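> take this sequence and fold it.
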Amino acid sequence: QVQLVESGGGLVQAGGSLRLSCAASGRTFSGYAMGWFRQAPGKERDFVAAISWSGVSTDYADSVKGRFTISRDNAKNAGYLQMNSLKPEDTAVYYCAANPSSVRRTTVGYKYWGQGTQVTVSS
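Next up, the predicted model:
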């Protein structure tokens, strides 16, 4: 069992930055690939970024490529999502998730999920 807790969300103006954190506890976090997803009101949960257990492989949604950076620190059992040049369309609840396999873009296979953190970008 892996417990995930996100933090770092908030209200920011367009063009600003936020850094989300995902704190893991329970089983060894380093054995899991990690993903970030987001869900806006009335919409499906969408893929944002993912990183392999080693941190070597990463993947990004086209909508955030070049603006967001995913990273992890296995020694601290933590993952991060640095978000720069934020846009109003980035407004959503952001979730981190862990899966025991490889980097993937779909929610299928992600076994553990956090409770989410709200990110609101004002225009």
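> my guess is residue 69 contacts residue 79, does it?
No: using C-beta atoms under 8 Å, residue 69 and residue 79 do not qualify as a contacting pair, with a distance of 11.5 Å. C-beta coordinates here come from the backbone N, C-alpha and C atoms, glycine included.
> the two - which one has more neighbours?
Set side by side, residue 69 and residue 79 give different neighbour counts by other C-beta atoms under 10 Å, the larger being at residue 79 (29 against 16).
> can you spell out which helices and strands pack onto the strand or helix carrying that one?
If you go by DSSP states H and E, residue 79 is part of strand 78-83. Under the contact definition 3 or more C-beta pairs under 8 Å, 6 or more residues apart in numbering; DSSP states H and E, strand 78-83 sits against strand 18-26, strand 33-39, strand 45-51, strand 68-73, strand 92-99.
> export those to JSON lines and tack on mean pLDDT?
Putting those into JSON lines (pLDDT from 0 to 100) gives the following:
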{"stretch": "strand 18-26", "mean pLDDT": "95"}
{"stretch": "strand 33-39", "mean pLDDT": "97"}
{"stretch": "strand 45-51", "mean pLDDT": "97"}
{"stretch": "strand 68-73", "mean pLDDT": "97"}
{"stretch": "strand 92-99", "mean pLDDT": "97"}
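> turn the ones you listed into a markdown table, columns for distance to residue 3.
Putting these into a markdown table (distance: least, C-beta to C-beta, whole Å) gives the following:
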| stretch | distance to residue 3 |
| --- | --- |
| strand 18-26 | 5 |
| strand 33-39 | 13 |
| strand 45-51 | 19 |
| strand 68-73 | 16 |
| strand 92-99 | 10 |
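> which residue is nearest the centroid of this protein?
Central residue of the chain (C-alpha atoms, centre = their mean): residue 36, 2.4 Å from the mean position.
> looking at it, it is touching residue 95, isn't it?
Yes: with contacts counted by C-beta under 8 Å, residue 36 reaches residue 95, the gap being 7.1 Å.
> find residues that contact each of those two.
Between them, residue 36 and residue 95 have no joint contacts when contacts are counted by C-beta atoms under 8 Å, 6 or more residues apart in numbering.
> hang on, residue 89 in a helix?
Yes: assignment of residue 89 by DSSP: H, G, I helix; E, B strand; the rest coil places it within a helix.
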